[in-house]
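[1] Quick one: sequence and predicted model below, then my questions.
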Amino acid sequence: MTPIDGRPILTAVAMRAAEEVAIAGGTSVDALMERAGGAVAAAVQRLAGGREVLVLCGPGNNGGDGYVAAARLRAAGVPVRVAASGPPRTDAASRALEAWGDGVGDLGDAIAAPVLVDGLFGTGLTRPLEAPVAAALRRLASEAWLSIAVDLPSGVATDDGAVLSEPPCFGLTLALGAAKPLHLLQPAARYAGAVRVLDIGVGVGGPVRAMAPPVLAPPGPDAHKFTRGMVAIVSGAMGGAGELAAIAALRAGAGYALLLGGSGTTTHAVVRRSFSAAALADRRIGALLIGPGLGRDDEAREQLAAALGSGRPLVIDGDALHLTDPAALRAHGGTIVLTPHEGEFRAMFGDMAGSKIDRAFAAAAAAGAVVVYKGADTVIAAPDGRVCVAGAASAWLSTAGSGDVLAGATGAMIASGLDPFAAASAAVWLHADAARRCGGSFVADDLAAALSAARAAL
């Protein structure tokens, strides 16, 4: 079992294509099923601790994997029973049932066991489960000590994370061969529990990957404030947002934070100057952040135009996302990172089709910029096709100012010299780790402060 951090994420079609390549190379469907079922059995045996296991099998090859797993568990001396929603409908699954060679109970009448293995439906599911099947699955999971899903919880869609019929919340999902979008995209991900990948001998790869902790070197012995990166933040109508972003930039590792304009008090480490063309012309600025608390009036538009004309790498957040459009940004060129939440994304890009991964990439291509599509799940996409998907972060991030903190951290990562995609990915990871360290019921000021510990831990 391998954590999904940094590993490829494959859609259902891409996973089937990878399996077809293996089959074309001489690996039979039955051999793939033996590998998958064997890997599931090995994982379940380690986790069950001698407890009885109930394996639920559906009509397709996912059910076939379940029959193989049950046979392997029985051979290893693990007490195991099988219940099915119906007879197999594929030749390989039929052969797996024959190899099991023991009784198969009816799903609706099944008696719960301490360990439940859901092998009912896999990546081919496109419609809700029949009501009796869904009810039986929830009942058996509610009575289990540990519930484990094979590849995905039965009842969710593979590619967009939609819930077709509400499954139970599983303690663990064993992803076969590769992670799938549903393991990270909401709302499906909340039902998957911990996700681990099982190697089934199929070659996988691609530009979409699960987020992994970034590799961020500490400052060297010759470092100074400008080599660590200077971040300039345009302060707007709501000055507190810019101040939060400035503090976050410093806590994330920037050596210098410059707050341009606004009024009010801030930490002594933040330098304040008036907003002007001369201030933007400072060649030491490694990243320029505009948008948090900016406002949407004529002055804000003029400031955004000046920022776009400055030649500095840009992070565009908040109000500034409402003052421009993808075509203008693409025509402008240069290093730009956009950090929209759902409402800002729709305002800028409209109602796009496809999964959140699809929409993020389409938006990045349209704007010629890295897009950080924030939310309960966050997708970072670059115009060159790279995509990074972050798993669920703390629900306590749903507090005013948390986006300003992320924008400041993103500016710090760009100013440090990372390419914009890597910078955005690192900032999202730091932001989530800081939230984890804060525990519950924190405010954005706490979140910004916790970035120091998150960065120091790397």
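    It's in.
[2] From the structure, what's the count of residues near residue 109?
    Applying the criterion other Cβ atoms under 10 Å, we find 8 residues in the vicinity of residue 109. All C-beta atoms are positioned from the backbone trio N, CA, C, and that covers glycine.
[3] quick one: contacts for it?
    Residue 109 sits next to residue 83 when contact means Cβ atoms under 8 Å, 6 or more residues apart in numbering.
[4] does residue 138 really touch residue 170, like I thought?
    No. Using Cβ atoms under 8 Å, residue 138 is not in contact with residue 170, being 11.2 Å away.
[5] Tell me which of these two has more neighbours.
    Using other Cβ under 10 Å as the criterion, residue 138 and residue 170 rank with residue 170 on top: 23 against 16.
[6] pLDDT score for the more buried one?
    On the pLDDT scale, residue 170 is placed at 98.
[7] same question, the one 3 residues further on
    The score at residue 173 is 98. That number is its pLDDT.
[8] Next up, the contacts around it.
    By Cβ under 8 Å, 6+ apart, the contact set of residue 173 is 148-153, 183, 192-196.
[9] Among the residues you listed, which ones are in strands?
    Per DSSP state E, strands hold the following members of the contacts of residue 173: 148-150, 194-196.
[10] Drop anything exposed from those.
    Listed as buried from the ones in strands among the contacts of residue 173 are 148-150, 195-196; burial here means 16 or more other Cβ atoms under 10 Å.
[11] Could you tell me the phi and psi values at residue 9?
    With angles defined as degrees, to the nearest 10, residue 9 shows backbone torsions of phi -110, psi 120.
[12] One more: residue 115?
    When read as degrees, to the nearest 10, the backbone of residue 115 gives phi -120, psi 120.
[13] Also residue 309?
    According to degrees, to the nearest 10, residue 309 has phi -90, psi 0.
[14] what about it, how many residues close to it?
    11.
[15] what residues are up against residue 41?
    Residue 41 touches 68-73, 76, counting by Cβ under 8 Å, 6+ apart.
[16] Now rank those residues by neighbours and give me the top one.
    residue 69 (33 neighbours).
[17] can you tell me the helix or strand for that one?
    Following DSSP states H and E, one finds residue 69 within helix 61-75.
[18] How about residue 287?
    Per DSSP H and E: strand 285-290 holds residue 287.
[19] sorry, back to before: pick out the most distant pair among the ones in strands among the contacts of residue 173.
    Within the ones in strands among the contacts of residue 173, 150 and 194 form the most distant pair, 14.1 Å apart (Cβ to Cβ).
[20] still on that earlier bit, just put the contacts of residue 173 in JSON lines and tack on pLDDT and distance to residue 240.
    Listed next are the contacts of residue 173 as JSON lines, based on pLDDT from 0 to 100; distance: Cβ to Cβ, whole Å:
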{"residue": "148", "pLDDT": "98", "distance to residue 240": "46"}
{"residue": "149", "pLDDT": "98", "distance to residue 240": "44"}
{"residue": "150", "pLDDT": "98", "distance to residue 240": "49"}
{"residue": "151", "pLDDT": "97", "distance to residue 240": "46"}
{"residue": "152", "pLDDT": "97", "distance to residue 240": "43"}
{"residue": "153", "pLDDT": "97", "distance to residue 240": "42"}
{"residue": "183", "pLDDT": "98", "distance to residue 240": "37"}
{"residue": "192", "pLDDT": "97", "distance to residue 240": "37"}
{"residue": "193", "pLDDT": "97", "distance to residue 240": "38"}
{"residue": "194", "pLDDT": "97", "distance to residue 240": "38"}
{"residue": "195", "pLDDT": "97", "distance to residue 240": "38"}
{"residue": "196", "pLDDT": "98", "distance to residue 240": "42"}
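[21] Columns distance to residue 60 on top of those, output as CSV?
    Output for the contacts of residue 173, formatted as CSV (distance: Cβ to Cβ, whole Å):
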residue, distance to residue 60
148, 18
149, 15
150, 11
151, 11
152, 13
153, 15
183, 19
192, 19
193, 22
194, 25
195, 21
196, 22
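[22] Among those residues, find me the one that's closest to residue 103.
    residue 150 (20.5 Å).
[23] quick one: contacts for the closest residue to residue 439 other than its chain neighbours?
    In space, and not counting its chain neighbours, residue 439 is closest to residue 396: 7.8 Å by Cβ to Cβ, 6 or more residues apart in numbering. Residue 396 makes contacts with 435, 438-442, as judged by Cβ under 8 Å, 6+ apart.
[24] which SS class is residue 362?
    Using DSSP: H, G, I helix; E, B strand; the rest coil, the secondary structure recorded for residue 362 is helix.
[25] That one - nearest residue in space that isn't next to it in sequence?
    Nearest to residue 362 is residue 352, by Cβ to Cβ, 6+ apart, at 5.5 Å.
[26] what about the stretch 201-350 of the chain, any weak spots by pLDDT?
    For the stretch 201-350 of the chain, applying pLDDT under 70 flags the ranges 263-266.
[27] and with 90 instead?
    236-237, 239, 262-268, 332-333 (pLDDT under 90).
[28] what about burial for the contacts of residue 396, which qualify?
    Using 16+ other Cβ under 10 Å, the buried members of the contacts of residue 396 are 435, 438, 442.
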